[in-house]
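Participant: Any chance you can model this:
(chains A, B and C)
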Amino acid sequence: MKLGSYIVKRSLLMLLVMFGVLAIVFAIVHVIPADPVGALLGGNAPPAVVDRIKTQLGLNKPLFDQFVDYLWGVVHGNLGTSLQSGRAVAQDIMEYFPVTLQLSVMAILISIFLGIFLGVFSAVYRNKWIDHFSRIFSILGVSMPVFWTGLILLLVFYYILGWLPGTGQLSLFVIPPDRITGMILFDSLITGNWAALWDGLRHIILPATVLGYSATASIARITRASMLDVLTQDYIRTAKAKGLSKSIVIYRHALKNALIPVVTVIGLTFGGLLEGAVLTETVFGLPGLGRYIVNALLVLDYPAIMGGTLFIALIYSLVNLGVDLIYATLDPRMRT
Amino acid sequence: MSKNLLEVKNLKVVFHTYRGTVHALDGISFDVKKNEKLGIIGETGCGKSVTSLAIMRLIDLPGEITNGEIIFDGKDIMKLSENLLNDIRGKDISMIFQEPLSSLNPVMKVGFQIGESISRVKKSSMKESRQDVLDALEVVGLDPKRVIDLYPHELSGGMAQRVMISMALSTNPKLMIADEPTSALDVTIQAQIIALLDDLVSKMRNTVILITHDLGVAAQFCDRILIMYAGNVVENAKTDELFENPLHPYTKGLLKAIPKIGNRGKLVGIPGNVPDLVNPPTGCRFHPRCPYAMEICKIEKPSLKMETSDHGVACHLYG
Amino acid sequence: MAVVLKEKISQFVEKRRPVFEDWKHTLYLWRRTKLATIGTVIVLIFVAIAIISPFIVPYNPLGQNMNQRLQPPSFQHFFGTDQFGRDIFSRVISGAMIEVEIILIVSVISGGIGLILGVLAGYFGKVVDEILMRATDMFLAFPGLILAMAFAAMLGPSLVNTIIAISLVGWTVFARLARAEAMRVKNQPYIEAVTALGASKKRIITFHVIPMCISPVLVQLTLRMGTVILTAASLGFLGLGVRPPLPEWGAMVSDGRSFLLDQWWISTFPGIAIAIVVLGFNLLGDGLRDIMDPRLRR
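Facilitator: Next comes the predicted model:
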């Protein structure tokens, strides 16, 4: 089918799905626990107090009404008020999401460079030590728990070696940049705050590498496989017969062809990044959306839970939709 | 200065596979004179392509050249470093392959790929070579302005092979190796391509090795023909001489198998199958299928002996 | 009597010869793939340790001993002790049992739910199928861990709830798989034949469709076991899953966080355990996938 109608169809589908997501999120928070407010206030709060707060928060209305209210709110951008911070959840999200975004982008960048590099070298020097190292590295990458890798690397690089700073986004003595986007590196760059930029980079490199580890592994694997496949192709034989040097054959003739399937894998790894971000932010003390949601879950701040989860589901769905659309533009067979 | 542009002496090539070691080339020797058009004929698997790749030193693991000298223009290629080899490849020796459409890089424009060869030789930039590329395309009968910016998948098989020829001849190589250039093309296109090659080569006076399984094509194009079977050269003669006076039983079988116009009798094949090169037959590799096989054929491999001054055959029938 | 028995056995074997040949070939391929073998060995050792754990623990995994707190690894305490004096080695070993429980029950529940829903959707098609597809879309709109976190938190952190939460998140994959397989099976000639013979839909589904769908689901279950462990450990680490004093590995890693600098062993060893076991499952899964690949089955 034509690309335009495919986009429309997928977008409508996504709206339906988001509605379902909303319903699920609502159900999780309101249906499962017996008493969200009671849990929040602690088991010994007097029933009168609990009741008063419940009415205040609109929790005594019938479930369906609550759902409609919430739906109405979401459509207007109102995700409720956090029971913890007292601020609008939407505001909380806007403050914390850029941190997660920055972390994810850095992670993807690192994993792309590292992954492609490892993959190409693995293929070219097949079965030599770098290939074995890279394959072990890859399979470990998808096996080791992110939070543990983070802790160990923190231990080694910060506590033991002291090469990199510890948790957090910036060191205490560094003046943070003015808040424009909420992404420290970007803001530092545009405001020319080089100290903050450098310090920020030093802080983010470890969590970004940890977060991107499994993505690096996936990308390295597919690059290797794709490169090996390309190197057996006839046109590589022609290039060699033309007398071109090895590096030209690899980087000019082989690589472009090999990267085509890699691009699609990069899109797929994004989902894993969101999950990993939750854990990485916790380990490295980064004030991102992941950590926000974890805290909200621990104290049962249910508007924050709903809002945060909803937002993440939205981002995740949008990215997946984007990836699918890219596939569809590249390959008409994908538009089923 | 020897008249031979290329001398191959006792070339042996093996491939290490999980089934065992494939003895692809069993010590072949032949010479190619300057400006000669040599044809190498044989069935699939006889080692003709391996020979051409060996000459270019393009045999990679799991394959290996285990023995032999390859003297090109007075220098032994077996002893050269990779750098020097790259100097020779594409410039002094060029090669074209069987499947032209998959032999061209799909993500690069045709003009770029031809220009790559030219600018290497002339040490010029791609932009400066543009006119040379256009000329090269014209010479092979393509519309230069249109084709130069096309991608390989936009070409037909015949056009793609013309591009390959253009790329190979653009550097005016001393030796051009054509590995089954027409096998993947339609019959009518085949004739065009061979005619094109003939025309260009006689003008530019290159030496050519044409590898094919098609006797008709070889008869048309080549001055001299080598017949290969199971990794050995079994006969080596001038074209006319070979067709008029074939000596080796395999050659005779091949010639008998060609359908002739007007002959409505049954087609005659050579009984048996191509041998397994992991465990090749002892002695002469053709003996299991040879109607004239003698006891000695099972034991001793016949070497290529010159019957007359210019007709070589490897067969115990002839001493 | 013995002769008759022997006859029957050889008839049985003869009839099923192709199946046995196939298994023999599979086993051969298995042993040729070194990595898959290593993975299998790791997994088998893991399960064995889990089963015999109550008998081989040197100390009570829940037993506190304040005299021995924060001891580094030694011959008495292979992995050292934590801040309550508990022996880490014993806790890691016992933790294996917890992980095995989690994997097994999650697999049964999510595999079961997925299989049944998928088969129903694939077999009945149309409306049922659409509903299932949209439902899986909705569940899949969340990154898996996040949804599991939400379920676990709302249900309350505990072992049972961890199992429930992960199952609720994981069924979608199996549902899609079973659905695809069911759709394929539905159109086979033998289904037509059985229907013509008067078999009820219930009978067809139970005896003909479901058995065909079990195999791919089983393969996928094994492939996902590593992920289940990682999810459970992540939940444990965040405090949303299995809580101390139960020796769940993820929770143990979290326990050791504040002591990371000086008593690195508290967090390190449980993490290594997770890594090795998940590695084993991944290698096994990779090997399994390679073997199933028709191109390699020569």
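Participant: Now do the helices in the stretch 151-300 of chain B.
Facilitator: In the stretch 151-300 of chain B, the segments counted as helices under DSSP state H, counting those that start in this stretch are B:157-169, B:187-204, B:215-221, B:239-244, B:249-257, B:295-299.
Participant: now swap in chain C and tell me
Facilitator: For chain C, applying DSSP state H gives helices covering C:2-15, C:17-32, C:34-56, C:88-124, C:126-140, C:144-155, C:159-186, C:189-196, C:201-204, C:210-238, C:249-255, C:265-292.
Participant: which of the ones you listed is buried the deepest?
Facilitator: helix C:249-255 (a mean of 27; mean count of other C-beta atoms under 10 Å in any protein chain shown). To be clear about C-beta, it is placed using only N, CA and C from the backbone, and glycine gets the same treatment.
Participant: Who are the packing partners of that one?
Facilitator: Applying 3 or more C-beta pairs under 8 Å, 6 or more residues apart in numbering or on different chains; DSSP states H and E, one finds that helix C:249-255 makes contact with helix A:146-154, helix C:88-124, helix C:210-238, helix C:265-292.
Participant: The residue of the stretch 151-300 of chain A found nearest chain B: what's it in contact with?
Facilitator: Of all residues in the stretch 151-300 of chain A, A:Gly243 sits closest to chain B, at 3.2 Å by C-beta to the nearest C-beta. Residues near A:Gly243 by C-beta atoms under 8 Å, 6 or more residues apart in numbering or on different chains: B:85-91, B:120.
Participant: Looks to me like it is in a helix.
Facilitator: No: using DSSP: H, G, I helix; E, B strand; the rest coil, the assignment for A:Gly243 is coil, not a helix.
Participant: can you count the residues close to the nearest residue to A:Ala217 once chain neighbours are set aside?
Facilitator: In space, and not counting its chain neighbours, A:Ala217 is closest to A:Gly141: 3.0 Å by C-beta to C-beta, 6 or more residues apart in numbering or on different chains. If you count neighbours by other C-beta atoms under 10 Å in any protein chain shown, A:Gly141 ends up with 21.
Participant: ok, now how distant is A:Gly141 from B:Ile71?
Facilitator: Using C-beta to C-beta, to the nearest Å, A:Gly141 is found at 52 Å from B:Ile71.
Participant: Just to check, C:Gly111 is in contact with C:Val219?
Facilitator: No: if you go by C-beta atoms under 8 Å, C:Gly111 and C:Val219 don't touch, sitting 11.0 Å apart.
Participant: what touches both of those two?
Facilitator: Common neighbours of C:Gly111 and C:Val219 (C-beta under 8 Å, 6+ apart) do not exist.
Participant: In contact with C:Leu284, which residues?
Facilitator: Taking C-beta under 8 Å, 6+ apart, one finds C:36, C:39-40, C:42-43, C:222 in contact with C:Leu284.
Participant: That one and chain A: what is the separation?
Facilitator: Using C-beta to the nearest C-beta, to the nearest Å, C:Leu284 is found at 11 Å from chain A.
Participant: Helix or strand for whichever residue of the stretch 101-250 of chain B sits closest to chain C, just tell me which one.
Facilitator: Nearest residue of the stretch 101-250 of chain B to chain C: B:Ser102, at 20.3 Å (C-beta to the nearest C-beta). For B:Ser102, the element it lies in under DSSP states H and E is helix B:100-103.
Participant: Excluding chain neighbours, what is closest to the residue of the stretch 1-150 of chain C found nearest chain A?
Facilitator: Of all residues in the stretch 1-150 of chain C, C:Met138 sits closest to chain A, at 3.5 Å by C-beta to the nearest C-beta. Among residues not flanking C:Met138 along the chain, A:Gly20 sits closest, at 3.5 Å (C-beta to C-beta, 6+ apart).
Participant: Could you report the neighbour count for A:Val89?
Facilitator: A:Val89: 26 neighbours (other C-beta under 10 Å).
Participant: pLDDT at it, what is it?
Facilitator: As predicted, A:Val89 sits at a pLDDT of 83.
Participant: Who are the contact partners of it?
Facilitator: A:79-82, A:303-304, A:306-308.
Participant: repeat that with 7 Å
Facilitator: A:79-82, A:303-304, A:307 (C-beta atoms under 7 Å, 6 or more residues apart in numbering or on different chains).
Participant: for C:Met183, same thing?
Facilitator: C:Gly122.
Participant: B:Met167 versus that one, what's the distance?
Facilitator: In terms of C-beta to C-beta, C:Met183 sits 50 Å off from B:Met167.
Participant: now do B:Val274
Facilitator: 33 Å.
Participant: Among these two, which residue is more densely surrounded?
Facilitator: More crowded of B:Val274 and B:Met167, by other C-beta under 10 Å: B:Met167, with 28 against 15.
Participant: who's in contact with that one?
Facilitator: Contacts of B:Met167 by C-beta under 7 Å, 6+ apart are B:113-114, B:117.
Participant: Let me know whether the residue nearest to A:Ala217 touches A:Ile219 as I believe.
Facilitator: No: with contact defined as C-beta atoms under 7 Å, A:Gly141 does not reach A:Ile219; the gap is 10.0 Å.
Participant: which non-adjacent residue is nearest C:Gly114?
Facilitator: Per C-beta to C-beta, 6+ apart, closest to C:Gly114 is C:Phe174, 2.6 Å.
Participant: surely the one you found meets C:Val217?
Facilitator: Yes: C:Phe174 is within contact range of C:Val217, at 5.1 Å (criterion: C-beta under 7 Å).
Participant: low-scoring stretches of the stretch 51-200 of chain A, by residue?
Facilitator: Under the criterion pLDDT under 70, the flagged ranges of the stretch 51-200 of chain A are A:56-60.
Participant: Around chain C, pick out the residues from it.
Facilitator: Proximity of the stretch 51-200 of chain A to chain C (C-beta under 7 Å from any C-beta of the partner chain) is limited to residues A:139-140, A:142-145, A:147-148, A:151-152, A:155, A:159.
Participant: how many neighbours does whichever residue of the stretch 101-250 of chain A sits closest to chain C have?
Facilitator: Chain C sits closest to A:Trp148 of the stretch 101-250 of chain A, with a gap of 3.4 Å, by C-beta to the nearest C-beta. A:Trp148 has 28 neighbouring residues, counting by other C-beta under 10 Å.
Participant: Next: the one 3 residues further on.
Facilitator: For A:Leu151, the tally of surrounding residues (other C-beta under 10 Å) stands at 24.
Participant: got the contact list for it?
Facilitator: So A:Leu151 contacts A:283, C:253, C:257, C:260, C:267 (C-beta under 7 Å, 6+ apart).
Participant: Number of residues surrounding the residue nearest to B:Ile55 when sequence neighbours are not counted?
Facilitator: Closest residue in space to B:Ile55, ignoring its immediate chain neighbours: B:Ile70 at 5.9 Å, by C-beta to C-beta, 6+ apart. Residues lying near B:Ile70 (other C-beta under 10 Å) number 21.
Participant: Three-state assignment for B:Ile70, please.
Facilitator: Following three-state DSSP, we place B:Ile70 in the strand state.
Participant: separation between it and B:Arg57?
Facilitator: For B:Ile70 relative to B:Arg57 (C-beta to C-beta), the value is 8 Å.
Participant: And for C:Gln71?
Facilitator: C:Gln71 sits 65 Å away from B:Arg57, going by C-beta to C-beta.
Participant: again, but for C:Asn65
Facilitator: Distance, C:Asn65 to B:Arg57, by C-beta to C-beta: 72 Å.
Participant: Please apply the same query to C:Val41.
Facilitator: Noted for C:Val41: a distance of 45 Å to B:Arg57, by C-beta to C-beta.
Participant: Quick one: residues contacting A:Ala304.
Facilitator: Neighbouring residues of A:Ala304 by C-beta under 7 Å, 6+ apart: A:82, A:84, A:89, A:92, A:292, A:296.
Participant: Going by neighbour count, which of those residues comes out on top?
Facilitator: That'd be A:Tyr292 among the contacts of A:Ala304, by other C-beta under 10 Å, with 29 neighbours.
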